Each structure stands twice: as C-alpha cells, then as structure tokens.
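Visitor: Sequence and predicted structure are below.
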Amino acid sequence: MTFEDFHAIIPAGGVGTRLWPLSRKARPKFLFDVAGSGRTLIQSTFDRLIPLCGAANIYISTGEQHVAPIREQLPQLDSSAIFPEPSPRDSTAAIALAAAVIARRFGEKSVVGSFAADHVIRNKTAFEQSVHQAIVTARAGYVTTIGIAASRPSTAFGYIHEGRSLASEIPDAPSAHLVEAFVEKPDAQTAQAYLETGEYRWNAGMFIMRADVLLKSLEQTKPGIYEAVRSIADAWDKGKDQREDAMNRWWHGIEKIALDYSVAEPVAAQSGVAVIPGGFGWDDVGDFNSVAALLPSSNRQNIKVLGDADSLVYLDSAGDVVAPQSGRTIALLGVDDLIVIDTPDALLIAPRARSQQVKQMVAHLSESGHGDIL
C-alpha cells in the first residue's frame, strides 16, 4: 500500500570502518552487495521503500563525493531528490534538512521517515506492515521509531524501553507503544536482563514523524541546528547560487549530533515518542561476522566467500570469511575462523573473534600515516 503523504529519506553516510578494506571513505559499504543478493545495500533499501511511497518520494542525503556513484546505481532517482553534503554533520542535519525541504514542497504535515542505506532486512512484507503502523502513529503526532525484536543479549546496539500500549489511542496501529526511554549500549549482564524482561528492543535508528513535529522538536532541543536547517531549506529550491550561498554560510557550523540524541531522547522524556515492533529480520552489517551471517556456506567447512569463489583454494581450513577482491588466488592452509579481505591495495587478516576491532586497526593506520588507503 502506497502512502501519498509519506516521504522516505535515506541517509547514506558513514564509512563502515569495521568493513575495511572493503569499505572506504570514497566507496562506503552501502555501495557494495555485501549480502550476495545481486543488489547493493543502497539499491536494496531503495527497492523496499518503493511499495510504501513510490520511487518519486524517496530522497538520498549523502556526501558530495558519493552523488555520482549513487546516481549510477539508482538512475531512476531525480536530481531534486538528492541532498549533497559538503561535509558530514551526522544524522540530525541530514534528516532535518531533507524534511524541511519536503515540508516546503508538499506541506508541513507530510510524514517523513529515515532509513539507513546500509541495513539488511529479510522479510519485506513484515517491514512494510511495521512502517504502515509507524506512519499512522506519526500522523497522530508522535515521533515514531521501529524497535527490532532482540534475538540475543547484544552489547553492540542501543535499546528502546517499551512502555504502555497506544492501541486505544491509535486503533489503526495496534502494535504501537509509548517509549519509556532510549538506553545506551549495555554491558553483557545488563543486556541479558533487558532480554529477560521482554520490554526492550534494539534501536535501529529508523524514525518516522510528521515534518512539522520534527522541526518543532528540533526548534526546542537544538535551536541552532533548527535555524541553520530552516535557512538552508528556504534557499534550496530557489536556484543553484542561492543554495550554495546558504550552504556555505550555515552548513559547516551545524553541530554534529545524531537524531537519537537531538530529538528522540528529549522528546521521549516528554512522552512524545512511540515504538512499533519490528520482527522482520534486521542486520546493520556492522562487521565481517555480520557479513558472514548473510552469506551462504560454500562448503562443509562453513567458509564464507564474498566475491569470486573460484579465486579461493583451501586445505584443512574451516570457518573463514574470505573476500577475494584483487583478482589473485587466495590459498588457505590449516587456518580456521579467520577474516581474509584481499583488495588491490590492502590486505586484512584477522581472527573472526576480533571483527569488531577492525575499527581500531583503521584508526591505527590513520595515525601511522596510511590514510591514503582508508
């Protein structure tokens, strides 16, 4: 079911440092098909939003250097639907600017939703059902998020504490609940306690709300960002020169802050945030173990291959994650549970148990003068 008043924003930012050297500043993970589906992550995100709002109501907020490859991957995207950023200012600025421009084009009661470019969702029907309820809840004036069913006591995600039901207030969204609070990434013991209560869901950073609700909330919580975004939005559709002048004046001074902190948390404290349960199979593809979970096993040894399987030869090895991306043959002898990512200019070899620490290696490379390969 397509909602004419719904506009989907895809923030396509971040580098995905835990997926280095596959993901780089110049070519982040959302431009890759890391799931082996035949579509890149941003193409898959675009595809699953079309049934909800139509291709014409999908927008991309991204860095200026990524506009060309995104247009190549999404040729149906109109140039007016791309919001290029000269420098990264985090998700508040990206989402709020797009929302402010949409409000001017289609009215301030338009419903806007933010969906990251680099997530994997398995059950599209269940996803659409959750977003449907979120749109209805957003129309009622709530900042609405979709909380992912926690399948394990993860310490890698923030959590949403689910409160009382809103079903009597919003009959067309029977699964809606008030959000008690957003909780930072917990330790293992706390995460287990959250799981046992059944009241906590993973925070995937999906937010759906009316444009006017977002902008009024931002005016209260972050007036500096609000002023900058409104000023840029006023000039956005008045011509290239006026847009560039406004961006040069305002953009670089905008505070870097995620929407979770600038809007969601303070509005939740005022009982203004709702959550819709999401049981559709979600992954943020945060490291190479996540990539491995998305790929089929190519053999009994449970070796996962991202790329040309014919470029891999192995003997007495098992449980490895291998990306042959350089065109040369990779030979594994007697090694288990390794990450081997081979690209033309960089090779990463690490234990799978340390996949989350690839980010630390990227920082070390930067500090030691190897920034040219990041």
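Guide: Sure thing, it's come through.

Visitor: Give me the pLDDT value at P51.
Guide: With respect to pLDDT, P51 scores 96.

Visitor: Could you report the neighbour count for it?
Guide: P51 has 14 neighbours, counted by other Cβ atoms under 10 Å. (Glycine included, C-beta is placed from N, CA and C.)

Visitor: A116 too?
Guide: A116, neighbours per other Cβ under 10 Å, totals 20.

Visitor: what's the helix or strand for R104?
Guide: Here R104, judged by DSSP states H and E, is contained in helix 90-106.

Visitor: I'd like to know which elements the helix or strand that comes right after that helix is packed against.
Guide: Going down the chain from helix 90-106, the next helix or strand is strand 111-114, by DSSP H and E. Applying 3 or more Cβ pairs under 8 Å, 6 or more residues apart in numbering; DSSP states H and E, one finds that strand 111-114 makes contact with strand 6-12, helix 90-106, helix 124-139, strand 200-210, helix 211-221.

Visitor: Turn the ones you listed into a markdown table, including mean pLDDT, mean neighbour count and distance to K256.
Guide: Shown next, in a markdown table, are these (pLDDT from 0 to 100; neighbours: other Cβ atoms under 10 Å; distance: least, Cβ to Cβ, whole Å):
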| stretch | mean pLDDT | mean neighbour count | distance to K256 |
| --- | --- | --- | --- |
| strand 6-12 | 97 | 25 | 13 |
| helix 90-106 | 97 | 23 | 4 |
| helix 124-139 | 97 | 21 | 26 |
| strand 200-210 | 95 | 24 | 16 |
| helix 211-221 | 97 | 20 | 15 |
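
Visitor: closest one to I148 among the ones you listed?
Guide: When the helices and strands packed on strand 111-114 are compared by Cβ to Cβ, strand 200-210 sits nearest I148, at 4.0 Å.

Visitor: ok, D237 touching R104?
Guide: Yes: with contact defined as Cβ atoms under 8 Å, D237 counts as touching R104 (7.0 Å).

Visitor: Please enumerate the shared neighbours of the two.
Guide: Counting by Cβ atoms under 8 Å, 6 or more residues apart in numbering, D237 and R104 have no common neighbour.

Visitor: low-scoring stretches of the stretch 201-350 of the chain, by residue?
Guide: Scanning the stretch 201-350 of the chain for pLDDT under 70 picks out 298.

Visitor: where do the strands sit along it?
Guide: Assigned by DSSP state E, counting those that start in this stretch, the strands in the stretch 201-350 of the chain fall at 273-278, 282-283, 304-305, 312-315, 321-324, 330-333, 338-342, 347-351.

Visitor: just these: most buried one?
Guide: Most buried of the strands of the stretch 201-350 of the chain, by mean neighbour count (mean count of other Cβ atoms under 10 Å): strand 273-278, with a mean of 26.

Visitor: Export it to PDB, keeping only CA atoms.
Guide: Written as PDB, here are the backbone C-alpha positions of strand 273-278 (Å, rounded to 0.1, in the frame of the first residue of the first chain):
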ATOM      1  CA  VAL A 273       7.900   9.000  21.200                       C
ATOM      2  CA  ALA A 274       6.200   5.800  20.100                       C
ATOM      3  CA  VAL A 275       7.700   2.500  19.100                       C
ATOM      4  CA  ILE A 276       6.400  -0.100  16.600                       C
ATOM      5  CA  PRO A 277       7.700  -3.600  17.000                       C
ATOM      6  CA  GLY A 278       9.800  -4.900  14.100                       C
END
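
Visitor: E199 and A55, how far apart?
Guide: E199 sits 38 Å away from A55, going by Cβ to Cβ, to the nearest Å.

Visitor: typed the wrong thing, it's P153
Guide: Counting by Cβ to Cβ, the gap from P153 to A55 is 39 Å.

Visitor: And Q270, by the same measure?
Guide: 36 Å.

Visitor: which of those two has more neighbours?
Guide: With neighbours defined as other Cβ under 10 Å, Q270 and A55 compare such that A55 has more, 15 against 9.

Visitor: My understanding was that V358 contacts S290; is that so?
Guide: No: when contacts are counted by Cβ under 8 Å, V358 is not listed as touching S290 (11.7 Å).

Visitor: Of those two, give the one with the bigger neighbour count.
Guide: V358 (22 against 18).

Visitor: Skip the chain neighbours and tell me the closest residue to the more buried one.
Guide: Nearest residue to V358, sequence neighbours excluded (Cβ to Cβ, 6 or more residues apart in numbering): R18, at 4.7 Å.

Visitor: circling back: got the strands of the stretch 201-350 of the chain as CSV, with distance to D260 columns?
Guide: Formatted as CSV, these follow (distance: least, Cβ to Cβ, whole Å):
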stretch, distance to D260
strand 273-278, 10
strand 282-283, 16
strand 304-305, 31
strand 312-315, 40
strand 321-324, 30
strand 330-333, 39
strand 338-342, 29
strand 347-351, 30
